[in-house]
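Enquirer: next one to model:
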Amino acid sequence: MSAVLDASVVLAVIFTEPGAERAHEYGPDIMVSAVNMAEVASRLVDRRIAIDVVTQCLIQLGASTVPFDAEQALLAGALREPTKKLGLSMGDRACLALAMREGAVVVTADKAWKKLALDVQIELIR
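Expert: Okay, here's the model as predicted:
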């Protein structure tokens, strides 16, 4: 089964945080939304780290970056209501929208996601 990684997982890999090794378990069908790639790049800029580290990390994982299109945008918007009480961001909803569209498992480090009542399989890295 294919997997969609949340920005929290990519950051865990870059910073060798607990659970990072789990990202490598999902094999060759790993995807990252372009929105989440932007989130990761922003965090690296905040820490004054070269943003090409994001690309290197995705290559290391064998992950493909998926453009954020109109279909995903509408689905992410529709996810606002069921995710609002948990404080999920636009990036979080973009990740979920991609996983839902692709019928993929979504992988995150954010434990709050397990409380979501959505039609998508959610796995935690820690």
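Enquirer: show me which positions of stretch 115-125 end up buried.
Expert: Within stretch 115-125, the residues scored as buried using 16 or more other Cβ atoms under 10 Å are 116, 120, 122, 125. All C-beta spots, glycine's among them, are computed from the backbone N, C-alpha and C.
Enquirer: next, give phi and psi for the third one.
Expert: Backbone geometry at residue 122, expressed as degrees, to the nearest 10, gives phi -120, psi 130.
Enquirer: do the first one as well
Expert: Backbone torsions of residue 116, given as degrees, to the nearest 10, read phi -70, psi 140.
Enquirer: isn't it right next to residue 84, touching?
Expert: No - if you go by Cβ atoms under 8 Å, residue 116 and residue 84 don't touch, sitting 11.1 Å apart.
Enquirer: circling back: pick the one among the buried residues of stretch 115-125 closest to residue 98.
Expert: residue 120 (9.9 Å; Cβ to Cβ).
Enquirer: shouldn't that closest one be in contact with residue 96?
Expert: Yes - between residue 120 and residue 96 there is a contact under Cβ under 8 Å: 6.2 Å.
Enquirer: what residues does the host helix or strand of residue 44 touch?
Expert: According to DSSP states H and E, residue 44 maps onto helix 34-46. Contacts of helix 34-46 with the rest of the structure, by Cβ atoms under 8 Å, 6 or more residues apart in numbering, involve 5-7, 10-11, 14, 50-51, 53-54, 57-58, 65-68, 90-91, 94-95.
Enquirer: of the residues you listed, buried ones?
Expert: 5-7, 10-11, 14, 54, 57-58, 66, 68, 91, 94-95.
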